[in-house]
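Enquirer: have a look at this fold, sequence not included:
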């Protein structure tokens, strides 16, 4: 059976795994991403992880013939180049990601945005398996999304599709003023529906006990009014965006991932209720489900891209 390497390169950690043609992660490992040390250091850390996984595969008699990369940033997947990125990885924009890692590891490589990779994994083997069209929403430190149609994530003319956190939201307005967003704009979903957005709202509502967003979840479950309202409003903003996007895209299923999707029933019930309140009548039966693959989703999605786009080398088996 053919084996490839899937890499999930994010601002906090870089995870990789050896994946077979059936999507099974044979083994995996991760290292911290030296995100503030610059692109060269990030590439060096990723290459070190890849080489260690290659060595382990060789010790098990497995031939790894290609590399699929899911990375933070807007990725030109045709060239494997980072077109733009936030400061979560310093100096990341302009990096020839696929080419640089090929030079360092000897593996032919392909790259795409990490949220698209996550969505591709879920549509291949997770909550969206066997379904022609999947709207994936990632709700966590940021808000992102992907629409996978017939096994391909739609990346857009500028490879920037999926910025679902930057839709205008009626929930991202306070005292008539739109809330500032991480993108530099105002009044966007991410400003109120992301983990940091929920925590900031909690503090604006007078909350002071929770140290982070996880603390807000716990307090909300216990009935703390500021925490419950912050979580409710963030969930409602997420649901409103999901419902509106579903009206536009008409997916067969919506898969919701990221840490907030597993924050508990208070978040999920409010999100789904708001989403269903937005849906047009023909979409009343739309399934909205949690993601299934967890931390392996982007690794599998990146591997799927390599399996699909890079031909097997001589000696490997498709």
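Expert: That came through, no problem. Since we're looking at a predicted model, the values are computed, not measured.
Enquirer: quick one, longest helix in the protein?
Expert: Identified as the longest helix of the chain according to DSSP state H is helix 225-249.
Enquirer: and residue 271, how far from residue 53?
Expert: Applying Cβ to Cβ, to the nearest Å, the value for residue 271 to residue 53 is 36 Å. Heads up, the C-betas are built off the backbone N, CA and C, glycines and all.
Enquirer: looking at the two, which is more packed in?
Expert: Taking residue 271 and residue 53 together and counting by other Cβ atoms under 10 Å, residue 271 has the greater number of neighbours (30 against 23).
Enquirer: so who does that one touch?
Expert: By Cβ atoms under 8 Å, 6 or more residues apart in numbering, the contact list for residue 271 reads 235, 236, 238, 239, 242, 256.
Enquirer: next up, the contacts around the second one.
Expert: In this case it means residue 236. Counting by Cβ under 8 Å, 6+ apart, residue 236 touches 171, 270, 271, 274.
Enquirer: among those residues, who's most crowded?
Expert: residue 271 (30 neighbours).
Enquirer: what pLDDT does that residue get?
Expert: What the model reports for residue 271 is a pLDDT of 98.
Enquirer: now, among the contacts of residue 271, which is nearest to residue 176?
Expert: For the contacts of residue 271, the closest approach to residue 176 (Cβ to Cβ) belongs to residue 236, at 18.4 Å.
Enquirer: ok, that closest one to residue 189 distance?
Expert: Taking Cβ to Cβ, one finds residue 236 at 11 Å from residue 189.
Enquirer: one step back: and which of the contacts of residue 236 is nearest residue 101?
Expert: residue 271 (36.7 Å).
Enquirer: any low-confidence regions in this structure?
Expert: Applying pLDDT under 70 to the chain flags residues 314-318.
Enquirer: and the strands in it?
Expert: Taking DSSP state E, the strands of the chain run over residues 3-9, 13-20, 25-32, 64-71, 74-76, 81-84, 109-113, 133-139, 143-149, 152-153, 173-174, 177-178, 253-257, 287-290.
Enquirer: quick one: buried residues of the second one?
Expert: Residues 14, 15, 16, 17, 18, 19 are the ones in strand 13-20 that count as buried (16 or more other Cβ atoms under 10 Å).
Enquirer: for the second one, name its beta-bridge partners.
Expert: Read it as residue 15. For residue 15, the beta-bridge partners are residue 8, residue 30 (DSSP bridges).
Enquirer: which residues touch it?
Expert: 7, 8, 28, 29, 30, 295, 298, 299 are the contacts of residue 15 under Cβ under 8 Å, 6+ apart.
Enquirer: the first one now?
Expert: Residue 14 makes contact with 7, 8, 30, 31, 32, 33, 42, 45, 46, 49 under the criterion Cβ under 8 Å, 6+ apart.
Enquirer: what's the closest of these to residue 95?
Expert: Among the contacts of residue 14, and counting by Cβ to Cβ, the member closest to residue 95 is residue 42, at 8.1 Å.
Enquirer: report the separation between the most centrally placed residue in the chain and residue 12.
Expert: A centroid search over the chain (Cα atoms, centre = their mean) returns residue 115, at 3.1 Å, as the residue closest to the centre. According to Cβ to Cβ, residue 115 and residue 12 sit 15 Å apart.
Enquirer: am I right that residue 171 is in contact with residue 241?
Expert: No: Residue 171 is not in contact with residue 241 according to Cβ atoms under 8 Å; the separation is 9.1 Å.
Enquirer: quick one: the contacts of residue 236 as TSV, columns for distance to residue 246 too.
Expert: Listed next are those as TSV, based on distance: Cβ to Cβ, whole Å:
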residue	distance to residue 246
171	17
270	17
271	13
274	12
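Enquirer: so which of the residues you listed sit within helices?
Expert: Per DSSP H, the contacts of residue 236 map to helices at 270, 271, 274.
Enquirer: in this structure the last one contacts residue 246, no?
Expert: It stands for residue 274. No: assessed by Cβ under 8 Å, residue 274 is found out of contact with residue 246, at 11.9 Å.
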